[in-house]
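J.: Sequence first, predicted model second:
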Amino acid sequence: MWNRSRREEETQARQAPPEPVKEAIPTSTYPTRRVDEATTRSAAVIGKTILVKGTVSGREDLLVDGRLEGDVDLPENRLTVGQGGHIEGKIRAREIVIYGVVQGNLEASERVEIRKNAKVIGDLKACRPVIEDEAYFKGNVETIRVDPPKPPKPAAPPAAAPVEPVIVPPPPESRKG
Amino acid sequence: MLSLAKLLDGAPPLQVLDLGGLNQQNLDFVTGGGHRLFAEDLVLNYQTAFTPQERLRGDVDPEKLERFLRDCLPFPDAALGAVLAWDRLQFLFPAAASALVDRLCRLMAPGALLLALFHPENLASAAPLTCRIFTGGAIQAAPRPSVLPVEPFNARAIERTFASFAGVKFYMTRDSLQEVLIRR
């Protein structure tokens, strides 16, 4: 009896109509904060209870959620200052994203993002500075202008050879008949 | 505002001071023209620098006032090419507003422009405005959530306040705000 009912279930399952194919819902590919969090997962982390005094430099992304008293130098990487993060010192990085507090000058070869409720006191130099409403910023902002690479100039045409004067023979006299 | 936009358009790099704090639109407008923008939230700094009693009484220790001015305006003389003061002067007690204007006069280069907005003089309180400059010099002003007492300024009071400047021009905006353009 048990086997029979199981068989019946199997046959029913086989006979069940396939689920209708759902249409793909278009989703935005615009990066969101979740993406930011995901990318910082692979970064080195200065945790919430950590205090660092001194210069920090390296070649990997860094998330600061603790307190850092000193300069940061990550010329090829991204620095994220988390909501609990506090940095007192100069920052130089490829990208800087701030949710917490920074007292010091910022320089980024690409972008600086100052997010809502972040607090920044210092001068900012970046290619693309972005500031959200309700963020506090005090200091100078300067945009680094990156000139697009100029297309190579087309090779100059070879200097034209001096043109020799062309002697045009006088037209033959027309004879009037 | 158009005069200010014209001043910034095509001029050699200037130091611009925005006393209303920083927002993306003003940042793009100013730095897009190759200028440097110094952002300062004057009202926030004022509220931090002085106690509510001091703000109400309106007389403070001159040293404290000087500290406030130095903190808000850390520039050498004649360094500023333009100042966006918005409506912020009205939220200071008269002695602080007057001292700030005198200091700005010293810090602005000859020919520099200052843009200020004034709420109608019958108002006792108002919300500081977040002003955003869009392409072409159009301004969008939106009140902040907090309402603060304002010092009334009529046209004569404005002229007296900026008496040491070279010229004052008045414009009326659609929001019954008075827009004033002051040339150093």
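T.: Yep, that arrived.

J.: buried set for stretch B:118-128?
T.: Of the residues in stretch B:118-128, those with enough neighbours to count as buried (16 or more other CB atoms under 10 Å in any protein chain shown) are B:Phe118, B:His119, B:Ala126, B:Ala127, B:Pro128. Heads up, the C-betas are built off the backbone N, CA and C, glycines and all.

J.: for stretch B:76-94, same thing?
T.: In stretch B:76-94, counting by 16+ other CB under 10 Å, buried: B:79-93.

J.: again, but for stretch A:83-94
T.: Quick answer for stretch A:83-94 (16+ other CB under 10 Å): A:Gly85, A:His86, A:Ile87, A:Glu88, A:Gly89, A:Lys90, A:Ile91, A:Arg92, A:Ala93, A:Arg94.

J.: Columns pLDDT and secondary structure on top of those residues, output as TSV?
T.: Listed next are the buried residues of stretch A:83-94 as TSV, based on pLDDT from 0 to 100; DSSP: H, G, I helix; E, B strand; the rest coil:
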residue	pLDDT	secondary structure
A:Gly85	96	coil
A:His86	97	strand
A:Ile87	97	strand
A:Glu88	97	strand
A:Gly89	96	coil
A:Lys90	97	coil
A:Ile91	97	strand
A:Arg92	97	strand
A:Ala93	96	strand
A:Arg94	95	strand
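
J.: and of those, the nearest to B:Arg156?
T.: Using CB to CB, A:Glu88 comes nearest to B:Arg156 of the buried residues of stretch A:83-94, at 47.5 Å.

J.: List the contacts of the closest one.
T.: With contact set as CB atoms under 8 Å, 6 or more residues apart in numbering or on different chains, A:Glu88 has these partners: A:Leu68, A:Glu69, A:Gly70, A:Val102, A:Gln103, A:Gly104.

J.: follow-up on the earlier one: among the buried residues of stretch B:76-94, which ones are in strands?
T.: Secondary structure defined by DSSP state E assigns B:Leu80, B:Gly81, B:Ala82, B:Val83, B:Leu84, B:Ala85, B:Trp86 of these to strands.

J.: For the strand or helix carrying B:Tyr46, which residues meet the burial criterion?
T.: Taking DSSP states H and E as the criterion, B:Tyr46 maps to helix B:42-49. The neighbour-count check on helix B:42-49 (16+ other CB under 10 Å) flags B:Leu42, B:Val43, B:Asn45, B:Tyr46, B:Ala49 as buried.

J.: could I get that helix in PDB with only the CA atoms?
T.: Output in PDB follows, covering the C-alpha atoms of helix B:42-49 (Å, rounded to 0.1, in the frame of the first residue of the first chain):
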ATOM      1  CA  LEU B  42      28.400  78.700   8.900                       C
ATOM      2  CA  VAL B  43      25.200  78.000  10.900                       C
ATOM      3  CA  LEU B  44      26.500  74.700  12.300                       C
ATOM      4  CA  ASN B  45      29.900  76.300  13.200                       C
ATOM      5  CA  TYR B  46      28.100  79.200  14.900                       C
ATOM      6  CA  GLN B  47      25.900  76.900  16.900                       C
ATOM      7  CA  THR B  48      29.000  75.000  18.000                       C
ATOM      8  CA  ALA B  49      31.000  78.100  18.800                       C
END
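
J.: quick one: it to strand B:80-86, angle?
T.: 80 degrees (axes from the mean of the first three to the mean of the last three CA atoms, to 10 degrees).

J.: For helix B:42-49, enumerate the helices and strands it packs against.
T.: On a contact count with 3 or more CB pairs under 8 Å, 6 or more residues apart in numbering or on different chains; DSSP states H and E, helix B:42-49 meets helix B:62-72.

J.: Write out the residues of chain B neighbouring chain A.
T.: Contact residues, chain B versus chain A (CB under 8 Å from any CB of the partner chain): B:15, B:21-24, B:27, B:30-32, B:34, B:36-41, B:44-45, B:130.

J.: among these, which are in helices?
T.: Cross-referencing the residues of chain B next to chain A against helices under DSSP state H gives B:Gln24, B:Leu27, B:Val30, B:Thr31, B:Gly32, B:Leu44, B:Asn45.

J.: For those residues, which single residue is the most surrounded?
T.: Ranked by neighbour count (other CB atoms under 10 Å in any protein chain shown), those have B:Val30 at the top, with 26 neighbours.

J.: ok, that one touching B:Leu17?
T.: No: B:Val30 is beyond contact range of B:Leu17, at 9.9 Å (criterion: CB atoms under 8 Å).

J.: Show me whatever sits in contact with both of these two.
T.: Joint contacts of B:Val30 and B:Leu17 (CB under 8 Å, 6+ apart) are B:Leu37.

J.: Next to chain B, which bits of chain A? Give me the list.
T.: Proximity of chain A to chain B (CB under 8 Å from any CB) is limited to residues A:129-133, A:135-143, A:145.

J.: Thank you, goodbye.
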